[in-house]
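Chemist: Fold the following, please.
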Amino acid sequence: AAGPDVALVTQRLAPRQAPFGSTDATRVRTADEILSDRSSSGKKVAVLGGDSLGFEVAETLLKRGAAVALVEPSGRLGGSIESITRKTMLERLQRDGLQVILGATPVRLAGNGLVLSQKDGTETTLAVETVVLAQGYDRDESLLAALQAAGVDARSLPGCEAPRWVIEAMLEGAAIARTI
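Modeler: Reported below is the predicted structural model:
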């Protein structure tokens with residue numbers, strides 16, 4: 001049987017990897033695992049990523065009764081969230097017990113928690129059982145690459161790289177289709 005003339009592939013997204021070397025499956029979870037309720041988190045949790053995804057994960061964990069620390073290395077929380085909404089959400093989360101740690105970079109997992117490097121170079125350990133990766137997503141081009149390596153004329157359709165209008169993705173898809 002003949003294969004397709006062209007394969008149009010939508011970019012997949014994969015959760016960003018831990019900024020430290022360990023991916024200890026017993027202690028590191030993705031935001032998707034927590035939000036889809038496929039994974040337990042323990043009672044003390046560090047959420048890495050202080051934008052909308054980190055806020056959502058923190059809220060979910062707080063509702064489940066966990067003690068949550070939100071770690072954001074950049075020093076700025078909720079950069080993609082409108083300012084009044086961000087302020088209201090943060091106030092509510094902190095009222096519910098959220099601990100916010102800004103400007104600290106996760107370095108490694110230790111037996112007793114997550115080691116953070118402060119701006120002055122000192123290291124502190126945040127006593128947590130679990131670390132949740134909520135730093136966003138990166139494009140995963142592995143399917144496209146595998147199809148092309150197999151000799152298939154595969155082309156990438158626009159993915160969900162950022163919030164935008166559906167019409168933009170449709171127009172980009174139509175432009176690709178016109179090249180076939």
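
Chemist: Next, work out how far apart the residue nearest to the spatial centre of the chain and residue 179 are.
Modeler: The chain has residue 136 as the residue nearest its centroid, 2.7 Å off, counting by Cα atoms, centre = their mean. Computed as Cβ to Cβ, to the nearest Å, the residue 136 to residue 179 distance reads 30 Å. (C-beta placed from N, C-alpha, C; glycine too.)

Chemist: Please, which helix or strand holds the closest residue in space to residue 86 that isn't next to it in sequence?
Modeler: In space, and not counting its chain neighbours, residue 86 is closest to residue 78: 3.8 Å by Cβ to Cβ, 6 or more residues apart in numbering. Here residue 78, judged by DSSP states H and E, is contained in no helix and no strand.

Chemist: I figured residue 78 was touching residue 53, is that so?
Modeler: No - counting by Cβ atoms under 8 Å, residue 78 stays clear of residue 53, with 10.4 Å between them.

Chemist: Neighbour count: those two, which is higher?
Modeler: Remark: of residue 78 and residue 53, residue 53 carries more neighbours, 22 against 18, as counted by other Cβ atoms under 10 Å.

Chemist: and the more buried one, what does it touch?
Modeler: Contacts for residue 53 (Cβ atoms under 8 Å, 6 or more residues apart in numbering) come out as 31, 134-136.

Chemist: okay, those in CSV with secondary structure, distance to residue 166 and pLDDT next?
Modeler: Putting these into CSV (DSSP: H, G, I helix; E, B strand; the rest coil; distance: Cβ to Cβ, whole Å; pLDDT from 0 to 100) gives the following:
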residue, secondary structure, distance to residue 166, pLDDT
31, helix, 24, 92
134, coil, 25, 93
135, coil, 26, 92
136, coil, 21, 85
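
Chemist: Now rank these by neighbours and give me the top one.
Modeler: Greatest neighbour count in the contacts of residue 53, by other Cβ under 10 Å, goes to residue 134: 27 neighbours.

Chemist: Let me see the contact set for it.
Modeler: 31, 47-49, 51, 53-54, 56-57.

Chemist: ok, the residues you listed vs residue 90, which is closest?
Modeler: The closest of the contacts of residue 134 to residue 90 turns out to be residue 54 (Cβ to Cβ; 11.0 Å).

Chemist: Surely the closest one is in a helix?
Modeler: Yes - with DSSP: H, G, I helix; E, B strand; the rest coil as the criterion, residue 54 is assigned to a helix.
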